[in-house]
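In: A predicted structure for the sequence below; I have some questions about it.
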Amino acid sequence: MDKTHLSHRKLIGIAALVMAGLTTFAVGRSSDFRADVSGSCGAASVSTDTFIKTYRMRDRAEGYGVLSTKDGGYLVTGDTTWSSGMGVWNAFIVRTDAKGTALWSRQFGSQSAAQGVLTETKRLSVQTTDGNFVVAGDIIDFYDAAYEDRKEGWGDVLVTKVNTSGKVMWSTMVGDYSMDFPQKLWATSDGGVILLAKFKKTGFGEDVADFDAVPDYSAVIKFAADGKVQWSKKMNWTATDMEYLSDGSFIALAAIDPRAGGTDMATGTLPTVIKLDSKLKVAWARSIEAPSIGFAMPTGTSKATMKINQMTIRVPGGDFKSVEQTPDGGFIAFGRYLNAAQLLGGNAGAMIKSPTDPIATVAVKVNAQGVYQWARSVKTANGSLGLDLKAVKTSDGAFVIMHTVTRKAGSKNLADFAGNVEVMKVDSEMNPRWVKKIDLERDAAGFDLQPTKDGGVALSGRIITTEEHMIMGSMEPYEETLLIKADTNGNVSGAGVIADGGPVTAADQTSQLIMQNMSAGTEELKLPVNKKVKAVLSDIKDKERTIAAPVTTTVTPVCSTLSTGNSTTKVASSKAKTGSSTVRNRSSRKSSTSQPTAPVTAPTAATYPQINFDNAKEAQIETEKSRQIHAELLPILQKVFSEVKMTDNTSGLWLTYLFPRQATVADREAVQKALVALNYKVDEAEGGVLHVSKVGRSLRMTFSINNSMMGKLEVML
């Protein structure tokens, strides 16, 4: 599969550590419009520019990054190559004015994508305090003096500063002799930049046979205004996302293996929100998990010595991609949510039916101290092409979320699997304000999303065009870099390719997720490689195309929230009391624009028996015999368990009941006593098994007393 299609179909200041020799931290973050948000949505109209442009360098061009510049223009970064992806991929920069018109285009002279590892490809850019630009990308094919002028075959991180005319001011490379990737880039108030990058661990040299077996980690590196490295810090984890906050501290999102810090069993790495101070020391780390799975583990070799031990496995709470600070000083992690509780509980009817069916977007909120507050999901009508997702905070304190969706959800028609871009705006409580779907020509994918000063967003990506060219005797479509400037309401004037995204369903997921303390740390890092290179930037022609002409309009922000349907998943409200005295409220959350009150303690998680009970659908009685037995059993079970659902009576061969809590031996004994009062004789009663009979009727009942995942009774008729 080629680079483009893998890209869009993939399924899943520091107040500076100081200049050398100093021991105090004195570099703050450079000011920008993202650092000053009120969290309110005013009704005042704003003047805004909107447009949709594409840029074609060679036959294929993908826009992996976009920067909204201080003068209102944009810097678009990406890769370009010739037909079919068989040529060398070159990194490029396109500088535009406020209406998307290209002022200049430059390309790097060396191959840009490190061995074609597409899921890691990023082209970062930031504007420094002097108005110039620093860009970073993974680059291979540079000569390195350490290898006696031989070309190094690995990809390192090239950091280059260019002036406003696109001329190189300085460049350097950092990394190891392995595949390394840039992740985030921020400007600092002293004119320098801070880079977050993912490196492979050092000491393996140039002859590594299998890089996938080499562990990796993230590092934070501070560059001075002249490009010299001032300091670097190493994480013992790999960041998924990270934000540099206005006070010089950081908030990060990472996938951490809990087994590294203890004996916990887990199905894999756990998404973790990590707060770091300005010196990169971890203040706290909290995992995002579904409630642990419990299962019975028998021990002993005979009935006399056998015991049942309850074992637990920790389960990721979703696939989380972005983390942002909220207006009240807390933090939100955004991700994709498959409702693991339903999957693990065996409720197959509630699972997604197709890879292109809609998948919910979930937001998990913690306060400034990392205390879990709530989790809420929004599901649109659009089918997802994967777990890709990017979220950014807008200038009004809300959030815009972008991911790639299918042209038609759930369709079996191959043409309907074409990619579209879905963009959704939510407030700080995850109430959706609007949803837009962008359908461009043959196929569209969004790669980067950035807020703009007027409250809107700029989006970069790639489209597969309807225009074709001949290559090796057959026709192939061009692929062009996409740049969209949308207003604060997600609209582009005169663009028929942007439509409302359809109905949405919102639900409170607070009781279906938990957060626990995790082990995460950082340490000093001496960079294994800091190469002196001379980056070569040269002019490259681009064919610019206008899909929606630039228009300047006055727009009133949409502050109201969309009407949302009730979720079929009924969970505890985030406004229920917390701690041991939690009050359950099984109604779905209603939309609200008020700020939640931070709880003293985290919400109590629902148990799997309760979750499975809430998700279960009641079945129909199918035979007269079943009806009679059900009429006898139901009042007894309701008295013992309070709430009961009959979920299976297939062909009248059995009756299956679910309860909102785990069954116990005491429950079996209570049911036994009630049946004896109805003239049943007890034939067997041990553990969870109860066999009773009377003239013309025999019932073999099995209570799942060792199943912590489900409160269940099966009655063989």
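Out: Yes, it's here.
In: just the helices in the chain please.
Out: 3-9, 340-344, 608-615, 624-641, 665-676 (DSSP state H).
In: so Tyr74 sits right up against Ala102, yeah?
Out: No. Tyr74 is not in contact with Ala102 according to CB atoms under 8 Å; the separation is 9.7 Å. Quick note: C-beta positions are derived from backbone N, CA and C, even for glycine.
In: the more surrounded of these two?
Out: Neighbour count, other CB atoms under 10 Å: between Tyr74 and Ala102, Tyr74 has more, with 26 against 18.
In: who are the contact partners of the more buried one?
Out: Applying CB atoms under 8 Å, 6 or more residues apart in numbering, we find Tyr74 in contact with Val66, Leu67, Ser68, Arg95, Thr96, Gly100, Ala458, Leu483, Lys485.
In: per-residue confidence at the first one?
Out: This means Val66. pLDDT recorded at Val66 is 98.
In: repeat for the one 3 residues further on
Out: As summarised for this prediction, Thr69 has a pLDDT of 97.
In: going forward, begin numbering at 29 instead of 1
Out: All right, first residue 29 from here; so that's Thr97.
In: tell me how the chain divides into domains.
Out: 72-264+471-490+502-512+548-570, 644-744 (automatic domain parsing).
In: for Lys349, find the nearest of those.
Out: domain 72-264+471-490+502-512+548-570 (11.5 Å; CB to CB).
In: that closest one: end-to-end distance?
Out: In domain 72-264+471-490+502-512+548-570, first residue to last residue: 38 Å (CA to CA, to the nearest Å).
In: re earlier: can you list the helices of the chain in CSV and add distance to Asp444 and mean neighbour count?
Out: CSV is the format used below for the helices of the chain (distance: least, CB to CB, whole Å; neighbours: other CB atoms under 10 Å):
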stretch, distance to Asp444, mean neighbour count
helix 31-37, 14, 19
helix 368-372, 26, 21
helix 636-643, 29, 25
helix 652-669, 43, 15
helix 693-704, 50, 16
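In: how about TSV for the ones you listed, with mean pLDDT and distance to Ala164 added?
Out: Formatted as TSV, the helices of the chain follow (pLDDT from 0 to 100; distance: least, CB to CB, whole Å):
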stretch	mean pLDDT	distance to Ala164
helix 31-37	36	19
helix 368-372	48	35
helix 636-643	89	44
helix 652-669	97	59
helix 693-704	97	62
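In: which neighbours do Tyr102 and Ala130 share?
Out: Arg123, Thr124.
In: which of the contacts of Tyr102 sits closest to Ser73?
Out: Nearest member of the contacts of Tyr102 to Ser73, counting by CB to CB, is Lys513, at 17.6 Å.
In: what's around Asp347, how many residues?
Out: When neighbours are counted by other CB under 10 Å, Asp347 comes out with 20.
In: buried residues of stretch 86-103, list them for me.
Out: 86-97, 101-103 (16 or more other CB atoms under 10 Å).
In: show me the strands in the stretch 479-628 of the chain, by range?
Out: Per DSSP state E, counting those that start in this stretch, the stretch 479-628 of the chain carries strands over the ranges 485-499, 502-514, 526-528, 532-536, 550-552, 558-559, 565-567, 571-583, 592-594.
In: need these in a markdown table (columns: mean neighbour count).
Out: What follows is these, written out as a markdown table (neighbours: other CB atoms under 10 Å):
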| stretch | mean neighbour count |
| --- | --- |
| strand 485-499 | 19 |
| strand 502-514 | 23 |
| strand 526-528 | 16 |
| strand 532-536 | 24 |
| strand 550-552 | 13 |
| strand 558-559 | 16 |
| strand 565-567 | 13 |
| strand 571-583 | 15 |
| strand 592-594 | 15 |
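In: run through the stretch 279-428 of the chain and note the low-pLDDT ranges.
Out: Residue ranges of the stretch 279-428 of the chain with pLDDT under 70: 288-292, 324-334, 336, 338, 366-383.
In: what distance do you get for Ala282 to Asn264?
Out: 10 Å (CB to CB, to the nearest Å).
In: more neighbours: those two, which one.
Out: More crowded of Ala282 and Asn264, by other CB under 10 Å: Ala282, with 24 against 16.
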